[in-house]
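Participant: Have a look at this prediction, sequence included:
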Amino acid sequence: MGRGLKILLINPPRFNIVKWTANDWEIDLAEISSFPPLGLMYIASYIKRHSAYDVMIMDAVAEGMSYEAIGQAIKAYSPDVVGISSFTYTFFDALKTAKLVRALCPSDHIAIGGPHTSLFPEETMTHREFDSLVIGDGEITFKEMIDCIAEGRSFDTVSRDILYRQGGAVIKKQGKRYLKDLDSLPFPAIDLVNYKRYYSPFGRETTMATICTSRGCPFQCTYCQVPDKQYRVRSAKNIIEEMLWYYERGIRFFYFFDDMFNITPQRVIEISEMILNSEMRGHISWLFRGRVDSVNDDMLRVSKMAGCRQILFGVEDYNDEGLKKIKKKITIQQAFEAVRLAKKYGIETSTNWIMGLPNHRSTQDLKELVDTAIRIDSDYAQFSILQLLPGCEMYDEAVAEGILDPNYWKDYVLSPKAQFYVQLYTKCFGAKELSDIYRDAHIRYYRRFGYILKRLLKVRSLKELKVKARAAMAVLR
C-alpha cells in the first residue's frame, strides 16, 4: 500500500438501533438533536498531525445517508483502511457497514472501535469483516496500526489494547487502554465534517460545538456501564483554546458533553473567568452536564456572567433511599437546591430520571418520581427506562437473581438482528407496563398548559422555535 494510505473513518447509520420499549414509543436522541462523532474526529486530527496519510470522515447519521449513498461514497474515495465506530445499540448497522466495505473494497483493512468493543471484543471478532478491534482511547492505537499496515509490519508492535487477525487466529494484544495527558491531543477535526449539521434541542442557535473536557468517571453508580474508571481532565487553558478555535470559525454556542464538567465548583469558576478574560466575553453561550452536589452560588454567578445558559443534572431517583441504593452519592434535597440556585441566577436546568430502578416496587413509586420531577421545577425533564449492559453492578445482580439472561447481549452481538429489543429489568414491572408508564410520564410532564405557555414565552428566535418544535413533536407524538 505504501505511504499514500487513504483512511476512511465511518460513523455508521442508525437505521436498526436496538429498541428499548415494548410499545415502540421511544425517543431517539437522533430525532431531536445531532451530535458530532468526537471519537472519530479526535482520531482523524491525531493522524493528520502525526502523519501524511489522507483522512476522510463519513458521518452517515448527520448526513442522513442511505446504504446506497454510503456505498457510492466509499467507491469514490477508494480507501485503504477503514475505521468504524460503534455502540452496542448500533452494532447491527456497524456490521452492515463493514460488510458493505468488504464487498466494495475486498483488500481493505477494516477496524472497529468505540464503546462497544470493550464489552464484547471476542464476540465482535467472530465477524470476519473486521480485521482488527481497538479497545479504549483510539488516537495513538489506530495511528500505530496504520503505520504497521503501511510498513508491512505485524501488529505485535502496537503498544495498546487491540485484537487482530493473524492467519486463521484472532490475537489479543494487551497494552495501555487510556491516555493520561488529554492536553497533548490536537482538537477534533472539525474541518472533516459538516459542523453546521450539529445542534442540541436545548440551544437557541442551530449550530453548536460539542466539547469533551474529561474522560472516564470516578463514581460507582450501580446502573452505569462505564469501562473507563480512570478519570482524566483537560486543563482550563486547553479547553479555552479549543473554544477560541471554534469561535474563530463563527461558532457561538458550546455544549460541554462530559458528565463531570463541574467535578468541583472551582473548575467551573476557573473556566468561566478565563472566558470573561477572552474575546468571547459577551458573545457566546454554553451548557454543561453536571452533578447536583457540586454547585454553589459563586460558581453559578460567575458561570452566568461567562455565558452559561443551562445545566443538565443527573438526578435519577426521587428519594434518598433509591439514590443510596444506586450509589449516586447525592440527596434529593441537593437536587432541589441545585435547581433553585440555578434559577436564582437565570440559568435553565434539565433533570434526568430513570424509571424501573430496584427501588421502584409499584406504579405509585413511578408516579412519585414524575411528581418529584414536576415539583423540582426544572425547565426540562428527561425520562428513561433502566437498561443494563454487562460491566455494571446492577447487571450482575439482575443476572444472579435470574431477571436477566447472561447470554442475551452476547447472542445479539454474535448474530445481530434488525428488530432487537433490550431485555428490561422486570423484577416489579412487565416490559409493556413499564414502557407505557414511560410514555405517559413524558405526556404528563410536557402537556401541562402552564409549562407550554412558559416555554413559548422564552423563545427568542425562529431558529430556536424550529429546534424546540422538532423536540416537541418527538416527545408529544
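Facilitator: Received, thanks. Residues are numbered from 1 along each chain as shown.
Participant: so where's the longest helix in the chain?
Facilitator: helix 431-446 (DSSP state H).
Participant: Report the buried residues of that one.
Facilitator: 431, 433-439, 441-442, 444-446 (16 or more other C-beta atoms under 10 Å). C-betas here are computed from N, CA, C, even on glycine.
Participant: Repeat that for stretch 22-40.
Facilitator: Quick answer for stretch 22-40 (16+ other C-beta under 10 Å): 22, 26, 27, 32, 33, 34, 35, 36, 37, 39, 40.
Participant: And for stretch 58-70?
Facilitator: For stretch 58-70, the neighbour count (16+ other C-beta under 10 Å) marks 58, 59, 60, 61, 62, 63, 65, 67, 70 as buried.
Participant: Which one of the buried residues of stretch 22-40 is nearest to residue 361?
Facilitator: Taking C-beta to C-beta as the measure, residue 361 sits nearest to residue 22 out of the buried residues of stretch 22-40, at 19.5 Å.
Participant: Okay, and the closest one sits in which element?
Facilitator: Using DSSP states H and E, residue 22 is not contained in any helix or strand.
Participant: Would you check that residue 46 makes contact with residue 140?
Facilitator: Yes. Between residue 46 and residue 140 a contact is recorded at 7.2 Å, counting by C-beta atoms under 8 Å.
Participant: between those two, which one's more packed in?
Facilitator: Remark: of residue 46 and residue 140, residue 46 carries more neighbours, 23 against 19, as counted by other C-beta atoms under 10 Å.
Participant: got the contact list for that one?
Facilitator: Taking C-beta atoms under 8 Å, 6 or more residues apart in numbering as the criterion, residue 46 is in contact with 139, 140, 142, 143, 185, 186.
Participant: Mind doing that once more with 6 Å?
Facilitator: Contact analysis of residue 46 by C-beta atoms under 6 Å, 6 or more residues apart in numbering lists 139, 143.
Participant: do the same with residue 166
Facilitator: Taking C-beta under 6 Å, 6+ apart as the definition, residue 166 has no contacts.
Participant: Look up phi and psi at residue 84.
Facilitator: phi -120, psi 130 (degrees, to the nearest 10).
Participant: what about it, how many residues close to it?
Facilitator: Residue 84: 24 neighbours (other C-beta under 10 Å).
Participant: before we move on, what about residue 225?
Facilitator: Neighbour tally, residue 225, other C-beta under 10 Å: 18.
Participant: and if you look at residue 392?
Facilitator: The burial count for residue 392: 18, using other C-beta under 10 Å.
Participant: for residue 114, same thing?
Facilitator: 24.
Participant: hang on, it packs against residue 88?
Facilitator: No. Judged on C-beta atoms under 6 Å, residue 114 makes no contact with residue 88 at a distance of 9.1 Å.
Participant: is it true that residue 261 touches residue 286?
Facilitator: No. Using C-beta under 6 Å, residue 261 makes no contact with residue 286, being 9.8 Å away.
Participant: thinking again about what came up before, quick one: the buried residues of stretch 22-40 as CSV, columns for pLDDT and secondary structure too.
Facilitator: Output for the buried residues of stretch 22-40, formatted as CSV (pLDDT from 0 to 100; DSSP: H, G, I helix; E, B strand; the rest coil):
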residue, pLDDT, secondary structure
22, 90, coil
26, 81, coil
27, 74, coil
32, 73, helix
33, 80, coil
34, 87, strand
35, 92, coil
36, 95, coil
37, 97, coil
39, 97, helix
40, 98, helix
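Participant: Tell me how many other residues surround residue 305.
Facilitator: Using other C-beta under 10 Å: residue 305 sits among 15 other residues.
Participant: Oops, could you answer that again for residue 110 instead?
Facilitator: Residue 110 has 23 neighbouring residues, counting by other C-beta under 10 Å.
Participant: Which of the helices or strands spans the closest residue to it other than its chain neighbours?
Facilitator: Nearest residue to residue 110, sequence neighbours excluded (C-beta to C-beta, 6 or more residues apart in numbering): residue 82, at 4.9 Å. For residue 82, the host element (DSSP H and E) is strand 81-85.
Participant: helices or strands up against that strand?
Facilitator: strand 6-11, helix 91-104, strand 109-113 (3 or more C-beta pairs under 6 Å, 6 or more residues apart in numbering; DSSP states H and E).
Participant: Need the residues that contact the last one.
Facilitator: For strand 109-113, the external contacting residues (C-beta under 6 Å, 6+ apart) are 81-86, 98, 101, 129-134, 138, 149.
Participant: PyMOL command to pick out the buried ones of the residues you listed?
Facilitator: Only the buried entries of the contacts of strand 109-113 go into this PyMOL selection, using 16+ other C-beta under 10 Å:
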select buried, resi 81+82+83+84+85+86+98+101+129+130+131+132+133+134+138+149
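Participant: And the contacts of strand 109-113, which two are furthest apart?
Facilitator: 86 and 149 (20.5 Å).
Participant: Tell me how many other residues crowd the residue nearest to residue 247 when sequence neighbours are not counted.
Facilitator: Nearest non-adjacent residue to residue 247, counting by C-beta to C-beta, 6+ apart: residue 280, 5.5 Å away. By other C-beta under 10 Å, 20 other residues sit near residue 280.
Participant: wait, residue 280 sits on residue 248?
Facilitator: No. At 10.2 Å, residue 280 does not count as touching residue 248 under the criterion of C-beta under 6 Å.
Participant: on that earlier part again, now tabulate the buried residues of stretch 22-40 in a markdown table and tack on distance to residue 387.
Facilitator: As requested, the buried residues of stretch 22-40 are exported to a markdown table (distance: C-beta to C-beta, whole Å):
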| residue | distance to residue 387 |
| --- | --- |
| 22 | 12 |
| 26 | 11 |
| 27 | 13 |
| 32 | 19 |
| 33 | 19 |
| 34 | 22 |
| 35 | 19 |
| 36 | 24 |
| 37 | 22 |
| 39 | 21 |
| 40 | 24 |
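Participant: Show me which of those is closest to residue 425.
Facilitator: residue 22 (12.7 Å).
Participant: Identify the residues contacting that closest one.
Facilitator: Shown in contact with residue 22 (C-beta under 6 Å, 6+ apart): 431, 432, 435.
Participant: what pLDDT does the first one get?
Facilitator: Looking at residue 431, its pLDDT reads 95.
Participant: Quickly list the domain ranges of the protein.
Facilitator: 6-173, 199-387+424-475 (automatic domain parsing).
Participant: For these, please prepare TSV with the additional fields distance to residue 397.
Facilitator: Formatted as TSV, those follow (distance: least, C-beta to C-beta, whole Å):
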stretch	distance to residue 397
domain 6-173	18
domain 199-387+424-475	8
